[in-house]
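Enquirer: okay, structure incoming, though there's no sequence with it:
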Ligand SMILES: Cc1ncc(COP(=O)(O)O)c(C=O)c1O
C-alpha cells in the first residue's frame, strides 16, 4: 500500500525526457550539449568558496531551523533595497526563513497552506500552464485539486486573472505565480501583482510568488509581489515570495534560498520545518549572507545573459516565433512539435532540450498548450551557446 497520489503524478519532465531519448545516440560527431536543465554554468563568485572556507569551523555544528540573524538581516536589507520597500515592512525575525533552495520551499509550503477543506469543499491550487513541475507535485501531494491556468501567447504568457471562474477562486488555497516566468520569461507587472494580491485577500488564499529568476533580466528589473504589497499599503498577509541564489549568484550547488512575507505563514512553516525540513549548513549560510550583500557579481552575471540573448536574437530572430524574453534565461520556441524536435536535436546534433508538452498539462479537450514548443536553457558560456544555437538552426531549418 503506497501513496497512489505519486502514481497519478507520473514522472517529472526530466525523467520523461530521459525515457524519450533512451537508447538514442547522437549521430553527428558533436559533443553533447545539455540545454535542457536550468542549471547555471557561469562560475559562482570567489566570495562563495572564500566565505565557506573562512567558516569551516562551523561544519561541526547543527544548523538552526531559522538560519541566523545575520542571514535574515542581509535578506531583509536586500528586499528593501531591491523592491524599495518602506523601512520596517519586513521584520527579519518574523518574516524570513532560509530554504535549502526554493524547490523544497515551494513543495513543502503546500503542506502549510492547503487545509483539508475550504468552504466545505476540496481546495484548489492554481498554477500557470506551462509550469515548474514542483508546483503541480506540491498541489497533488497536499490533497488539493491542481488547476492549470493557460499562460499562452494570447494571454501574454501569464494566467488571465479575469478568466478564472469564481468557483475555483472560492476553493483556492494557494496560487503559484512564477515571474520572471519559467519557461516563457515574461514578467508580471505591478498592476497584475496588485490585482492578484487583492484576489488573494478577497478569496482568502495564499499567493506564492516564485521570484527565483528576479535578478536575471534584460531591460528592466522585474517587479515583485512584496513591492506590490507595499503599494497596497504595506501589509503582507496572503503573500509570500521565494528567492534563490541558484540563478542570481550562479550557485545552484549551495542550495540556499529564502521565503519572505506573511508572518503567520512563516510561523507555521517554521514549525513544519522544525519537524521535517532541511536546514542550510552554517558555512553555506554564511556564504549566502555574503552573497546577498554583494551586487557586483550579480550585475556581471546578468550581463553575460544579455550577451547570450543578443546571440540568440541574431541567430534565431524570425524563426520559431522567437522573442527576446524580458527575464529568466530560457528560450521558448514554437517549433511545431516539441517532442519531435527534441528527438531530432538530440540524434542529429547532440543537443538536449525540453519538449514544451512535458512542462504543461493537456486541458479538458486534450489540447496541450506546451506541445508546439521546446524550452532551451542559455546557461553555458556565450561561445558554447552560439555553437549550440547554430547546430539547432542547422537541424530545425
Ligand atoms: C521556476 C523555478 N522555481 C524554482 C526553482 C528551484 O530553484 P532552487 O531550488 O535552486 O532555488 C527552479 C529551478 O530551476 C525554477 O525553474
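Expert: Received it, and whenever you're ready, just let me know what you need. Since the structure is predicted, the reported quantities are computational estimates derived from the model, not experimental observations.
Enquirer: what helices and strands are in contact with the lowest-mean-pLDDT helix or strand in the chain?
Expert: Lowest mean confidence among the helices and strands of the chain (mean pLDDT, DSSP states H and E): helix 4-9, at a mean of 89. With contacts defined as 3 or more CB pairs under 8 Å, 6 or more residues apart in numbering; DSSP states H and E, the packing partners of helix 4-9 are helix 133-141. All C-beta spots, glycine's among them, are computed from the backbone N, C-alpha and C.
Enquirer: pLDDT on the helix it packs on, on average?
Expert: Averaging pLDDT along helix 133-141 yields 97.
Enquirer: same check, this time on stretch 189-209
Expert: 98.
Enquirer: show me how far that stretch is from its chain's centre.
Expert: Counting by CA atoms, centre = their mean, to the nearest Å, stretch 189-209 is centred 18 Å from the centre of its parent chain.
Enquirer: right, is that stretch up against the ligand?
Expert: No: Stretch 189-209 stays clear of the ligand (CB under 6 Å from any ligand atom), getting no nearer than 10.5 Å.
Enquirer: in that stretch, what counts as buried?
Expert: Buried residues in stretch 189-209, defined by neighbour count with 16 or more other CB atoms under 10 Å: 190, 192-194, 196-197, 199-200, 203, 205-209.
Enquirer: buried set for stretch 72-84?
Expert: Neighbour-count burial for stretch 72-84 flags 72-76, 78-80, 82-83 (criterion: 16+ other CB under 10 Å).
Enquirer: let me have the residues you listed in a markdown table, adding distance to residue 7 and secondary structure as columns.
Expert: A markdown table is the format used below for the buried residues of stretch 72-84 (distance: CB to CB, whole Å; DSSP: H, G, I helix; E, B strand; the rest coil):
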| residue | distance to residue 7 | secondary structure |
| --- | --- | --- |
| 72 | 39 | helix |
| 73 | 44 | helix |
| 74 | 42 | helix |
| 75 | 38 | helix |
| 76 | 42 | helix |
| 78 | 41 | helix |
| 79 | 40 | helix |
| 80 | 45 | helix |
| 82 | 42 | helix |
| 83 | 41 | helix |
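Enquirer: closest one to the ligand out of the residues you listed, please.
Expert: residue 75 (13.8 Å; CB to the nearest ligand atom).
Enquirer: excluding chain neighbours, what is closest to the residue in the stretch 251-397 of the chain that the ligand sits nearest to?
Expert: When scored by CB to the nearest ligand atom, the stretch 251-397 of the chain has residue 257 as its residue closest to the ligand, at 4.4 Å. In space, and not counting its chain neighbours, residue 257 is closest to residue 244: 3.6 Å by CB to CB, 6 or more residues apart in numbering.
Enquirer: phi, psi of residue 179?
Expert: Note on residue 179: backbone dihedrals following degrees, to the nearest 10 are phi -150, psi 120.
Enquirer: and the pLDDT for it?
Expert: 98.
Enquirer: next, count neighbours for it.
Expert: Here the count is done by other CB atoms under 10 Å, and residue 179 has 27 residues near it.
Enquirer: return the distance of it relative to the ligand.
Expert: From residue 179 across to the ligand, the span is 10 Å (CB to the nearest ligand atom, to the nearest Å).
Enquirer: quick check, that residue in contact with residue 328.
Expert: No: counting by CB atoms under 8 Å, residue 179 sits too far from residue 328 to count as a contact (9.2 Å).
Enquirer: overlap in contacts, the two.
Expert: Common neighbours of residue 179 and residue 328 are listed as residue 213 (criterion: CB atoms under 8 Å, 6 or more residues apart in numbering).
Enquirer: mind listing what's buried in stretch 115-126?
Expert: 118, 123-126.
Enquirer: and the host helix or strand of residue 384, what does it pack onto?
Expert: Here residue 384 sits within helix 382-396, counting by DSSP states H and E. If contacts are counted by 3+ CB pairs under 8 Å, 6+ apart, helix 382-396 sits against strand 33-34, helix 296-316, helix 338-349, strand 351-352.
Enquirer: need these in JSON lines (columns: mean pLDDT and distance to the ligand).
Expert: Output for the helices and strands packed on helix 382-396, formatted as JSON lines (pLDDT from 0 to 100; distance: least, CB to the nearest ligand atom, whole Å):
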{"stretch": "strand 33-34", "mean pLDDT": "96", "distance to the ligand": "13"}
{"stretch": "helix 296-316", "mean pLDDT": "98", "distance to the ligand": "14"}
{"stretch": "helix 338-349", "mean pLDDT": "97", "distance to the ligand": "18"}
{"stretch": "strand 351-352", "mean pLDDT": "98", "distance to the ligand": "15"}
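Enquirer: dump these into TSV; add distance to residue 56 and mean neighbour count as well.
Expert: Converted to TSV, the helices and strands packed on helix 382-396 look like this (distance: least, CB to CB, whole Å; neighbours: other CB atoms under 10 Å):
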stretch	distance to residue 56	mean neighbour count
strand 33-34	32	18
helix 296-316	22	16
helix 338-349	42	20
strand 351-352	37	24
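Enquirer: if I look at residue 217, how far off is residue 186?
Expert: Note on residue 217: its distance to residue 186, by CB to CB, to the nearest Å, is 11 Å.
Enquirer: shared neighbours of these two, anything?
Expert: If you check residue 217 and residue 186 against CB under 8 Å, 6+ apart, the residues they both contact are 180, 326-327.
Enquirer: can those go into a markdown table with extra columns for secondary structure and neighbour count?
Expert: What follows is the shared contacts of residue 217 and residue 186, written out as a markdown table (DSSP: H, G, I helix; E, B strand; the rest coil; neighbours: other CB atoms under 10 Å):
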| residue | secondary structure | neighbour count |
| --- | --- | --- |
| 180 | coil | 26 |
| 326 | coil | 17 |
| 327 | strand | 26 |
